[in-house]
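> sequence? don't have it. structure:
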């Protein structure tokens, strides 16, 4: 095995755009990220529901599944 071929492993400070900072280990001293667990919608529970109604209706109309479309509309209204 060759000696001194691995990069130095050191404590790194990770900073997010939202302002959150935490410590981890890396080969770099400072890491900057755009999104972290404090601001990611999956972890915060503030997910936006994509407007799938229009897509579902378009799919059912395209493939002639009007009965399923009516069932979905009725269940959404009640």
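The structure has been received and is ready for your questions. Values in this document were obtained by computation on a predicted structure and should not be read as measured data.
> how near is residue 26 to residue 39?
Counting by CB to CB, to the nearest Å, the separation of residue 26 from residue 39 is 20 Å. Placement of C-beta: from N, CA and C, glycine included.
> now for the chain, the helix or strand with the poorest mean pLDDT.
Here the helix or strand of the chain ranked lowest by mean pLDDT, DSSP states H and E is helix 52-62, holding a mean of 73.
> contacting residues around that helix?
The contact list for helix 52-62, computed with CB atoms under 8 Å, 6 or more residues apart in numbering, reads 65-66, 68-69, 72, 76.
> want to throw these into TSV with secondary structure?
Converted to TSV, the contacts of helix 52-62 look like this (DSSP: H, G, I helix; E, B strand; the rest coil):
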residue	secondary structure
65	coil
66	helix
68	helix
69	helix
72	helix
76	helix
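> how about those in CSV, adding distance to residue 4, pLDDT and neighbour count?
CSV is the format used below for those (distance: CB to CB, whole Å; pLDDT from 0 to 100; neighbours: other CB atoms under 10 Å):
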residue, distance to residue 4, pLDDT, neighbour count
65, 65, 72, 14
66, 70, 72, 10
68, 65, 73, 12
69, 67, 70, 15
72, 64, 76, 15
76, 65, 74, 8
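> want to throw those residues into CSV with distance to residue 57?
Shown next, in CSV, are the contacts of helix 52-62 (distance: CB to CB, whole Å):
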residue, distance to residue 57
65, 10
66, 10
68, 10
69, 6
72, 8
76, 11
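> where do the strands sit along this structure?
Applying DSSP state E to the chain gives strands spanning 10-16, 21-26, 30-33.
> pick the most deeply packed of these.
With neighbours taken as mean count of other CB atoms under 10 Å, the strands of the chain reach their highest mean count in strand 10-16, at a mean of 14.
> mind checking how far stretch 30-44 is from the chain centre?
The chain centre lies 9 Å from the centre of stretch 30-44; the measure is CA atoms, centre = their mean, to the nearest Å.
> can you give me the first-to-last residue distance of it?
Terminal residues of stretch 30-44 lie 25 Å apart, using CA to CA, to the nearest Å.
> tell me the mean pLDDT over that stretch?
For stretch 30-44, the mean pLDDT works out to 86.
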